[in-house]
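Student: Turn this into a model:
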Amino acid sequence: MNPSVEKILVSEEEIDRITTRIAAEIDRDYKGNDGRLILLCILKGSIVFMGDLMKKITIPVEIDCMKVSSYGSGTQTTGNVHIHLDLIRPDLPDCDLLIIEDIIDSGVTLSYLTKYLKNKGAKSVRTCTLLDKPSRRKVDFKPDYCGCEIPDEFVIGYGLDYDERFRALPYVGVLKPEVYSGE
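Tutor: Numbering: from 1, shown residues only. All right, here's what the predicted structure looks like:
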């Protein structure tokens, strides 16, 4: 275990079971779909989750990416959503978008993004997250697909970072507070 990790919250084995379950749910829900299913990765944190998830989905999918944030350089959301890399597709009205996110905290980003993409003309927009912290919600938002709910702790690994570090850990762990509090 990494010395900056207080404890492992979601193990590699649990992540494998989660991605297998969610892939089966997506297969079931989109089977026979007449649109184009696009897995829309929210960069950077969701890359690892989407990579594992798409390998287990058996129906045809395409992938695309957006870079969106509501965080500054710290550990708290600013409440303002910034789109750094937008989705530009002329075929958007034919696309069923499934937004792939690593974690939902306040819900501000995904709530905004869902409305934004619907207003841009997507055929449908749904959401999928590996981790959910419903205790931190600032808006009324519930993902369509959810890996697991976690407590209000600062987590890293499996794509999640603190100051661009720890993304490559193969599990989700709780970061020791002294790492981000500057003690």
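
Student: residues in contact with the most centrally placed residue in the chain?
Tutor: What sits nearest the mean C-alpha location of the chain, by Cα atoms, centre = their mean, is residue 101, with 1.1 Å. By Cβ atoms under 8 Å, 6 or more residues apart in numbering, the contact list for residue 101 reads 42, 45-46, 109-110, 127-130, 143. Heads up, the C-betas are built off the backbone N, CA and C, glycines and all.

Student: So which of the residues you listed is surrounded by the most neighbours?
Tutor: Among the contacts of residue 101, the one with the most neighbours (other Cβ atoms under 10 Å) is residue 130, at 31 neighbours.

Student: Does that one belong to a helix, a strand or coil?
Tutor: At residue 130 the chain is in strand, as set by DSSP: H, G, I helix; E, B strand; the rest coil.

Student: leaving aside the residues next to it on the chain, what's closest to it?
Tutor: Once flanking residues are discounted, residue 130 sits nearest to residue 147: 4.2 Å by Cβ to Cβ, 6 or more residues apart in numbering.

Student: about what we covered before: tell me which of the contacts of residue 101 has the lowest pLDDT.
Tutor: Minimum pLDDT across the contacts of residue 101 is recorded for residue 109, with 91.

Student: what's the spacing between that one and residue 166?
Tutor: 20 Å (Cβ to Cβ, to the nearest Å).
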